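Student: Pasting the sequence and the predicted model now:
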Amino acid sequence: MARPSPRPKLRRTSALLLVAAAIVLLPLLAPQLKGATFEGADGKAQALIETIDPGYRPWASPLWAPPGKETEGLLFALQAALGAGLLGYYLGLRRGERRAREAAHDGAAHNGAGDERD
């Protein structure tokens, strides 16, 4: 059986590395980000609501407020890490199942082909 050429895999890997490098470097090099303030959507929404209706009073309040911005950032990072871990686990599980099915299928094809011994 002929082995496939490694060229397409090398090109795909190179392209993915180039895209990853661009994702990391472009925000660092973007001139419009100099002096920009990075605030969340909650703060922007609150400011917009105050301009639309200055007398607005929220009808709900948080059950717990973190003691500082560091704790808030830590909880956000923990949430992102847990989500990435669960997604990685699921994708790895599916890949393992697919490989096991392919191995069982290949094994069945090799064992049953031309094997007519009594």
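Tutor: Ah, there it is.
Student: check which helix or strand covers Leu86.
Tutor: Secondary-structure assignment from DSSP states H and E places Leu86 in helix 69-112.
Student: so for that helix, what's the average pLDDT?
Tutor: On average, the pLDDT along helix 69-112 is 91.
Student: Tell me the gap between it and the middle of its chain.
Tutor: Put simply, helix 69-112 sits 12 Å off its chain's centre (C-alpha atoms, centre = their mean, to the nearest Å).
Student: And stretch 18-25, by the same measure?
Tutor: Centre to centre, stretch against its chain (C-alpha atoms, centre = their mean), the figure for stretch 18-25 is 15 Å.
Student: any idea which residue sits dead centre in the protein?
Tutor: Residue closest to the average C-alpha location in the chain (C-alpha atoms, centre = their mean): Ala84, at 6.0 Å.
Student: Quick check: that one vs Ala77, distance?
Tutor: The gap separating Ala84 from Ala77 is 10 Å, by C-beta to C-beta, to the nearest Å. C-beta coordinates here come from the backbone N, C-alpha and C atoms, glycine included.
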